[in-house]
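A.B. asks: okay, structure incoming, though there's no sequence with it:
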């Protein structure tokens, strides 16, 4: 039986910044038409605002259920609005990767979980480990909300918290 080559999983952080386009271009140049590459395009979303995390509750179970339903609806609307600005860039990234020879099944779209109470970068690293990504590609752009939350640029923060993952930081 011939030796099988294991697939290489790579996570590419995407947002609406020009750095994402440069990172996508860099990935396509580095990977060319290699087979067995799986690219996870991950959109890093900010945490939910405090007012969307929970409500005060209600004594009436029906009212409690209605409040919970309203909160969930508001959370989903906020998440959809947070994802929207990067939609065009993500579509372009998929088209560029497909144009470089990747098949549709080799590209997966995901986003960080704004409901996760951990640091968004820690959640991102957890997703990378779950997807068995050995490389994370990130542009040098840091969303303002991330810098405000952590006090440091995204690439620096990732490097501080990651182990056993290679980083390609694209200027």
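C.D. replies: Now that the structure is in, tell me what you want to look at. All figures in this text were calculated on a predicted structure; none of them were measured in a lab.
A.B. asks: contacts and neighbour counts: CA atoms only from here.
C.D. replies: Noted.
A.B. asks: need the phi and psi values for the residue nearest to residue 124 when sequence neighbours are not counted.
C.D. replies: Ranked by CA to CA, 6 or more residues apart in numbering and with sequence neighbours excluded, the top spatial neighbour of residue 124 is residue 112, at 6.2 Å. When read as degrees, to the nearest 10, the backbone of residue 112 gives phi -70, psi 160.
A.B. asks: could you do the one 3 residues further on as well?
C.D. replies: Reported as degrees, to the nearest 10, the phi and psi values for residue 115 are phi -80, psi -10.
A.B. asks: I'd guessed it sits against residue 46; true?
C.D. replies: No. At 9.3 Å, residue 115 does not count as touching residue 46 under the criterion of CA atoms under 8 Å.
A.B. asks: those two: which is more packed in?
C.D. replies: Between residue 115 and residue 46, counted using other CA atoms under 10 Å, the more crowded position is residue 46 (20 against 16).
A.B. asks: ok now do that one, which residues does it touch?
C.D. replies: Contact partners of residue 46, counting by CA atoms under 8 Å, 6 or more residues apart in numbering, are 82, 114, 120, 145-146.
A.B. asks: now those as JSON lines including distance to residue 158?
C.D. replies: Shown next, in JSON lines, are the contacts of residue 46 (distance: CA to CA, whole Å):
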{"residue": "82", "distance to residue 158": "21"}
{"residue": "114", "distance to residue 158": "17"}
{"residue": "120", "distance to residue 158": "10"}
{"residue": "145", "distance to residue 158": "15"}
{"residue": "146", "distance to residue 158": "12"}
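A.B. asks: count the residues that sit near the nearest residue to residue 107 once chain neighbours are set aside.
C.D. replies: Spatially, and ignoring its direct neighbours in sequence, residue 107 is nearest to residue 39 (4.9 Å; CA to CA, 6+ apart). By the other CA under 10 Å criterion, the neighbourhood of residue 39 contains 25 residues.
A.B. asks: same check, this time on the one 10 residues further on
C.D. replies: One way to gauge burial is a neighbour count; for residue 49, by other CA under 10 Å, it gives 11.
A.B. asks: quick one on the thing from earlier: can you list which of the contacts of residue 46 are found in helices?
C.D. replies: 82, 120, 145-146 (DSSP state H).
A.B. asks: weed out the non-buried ones from the residues you listed.
C.D. replies: For the ones in helices among the contacts of residue 46, a burial check counting by 16 or more other CA atoms under 10 Å picks out 82, 120, 146.
A.B. asks: alright, calling it a day.
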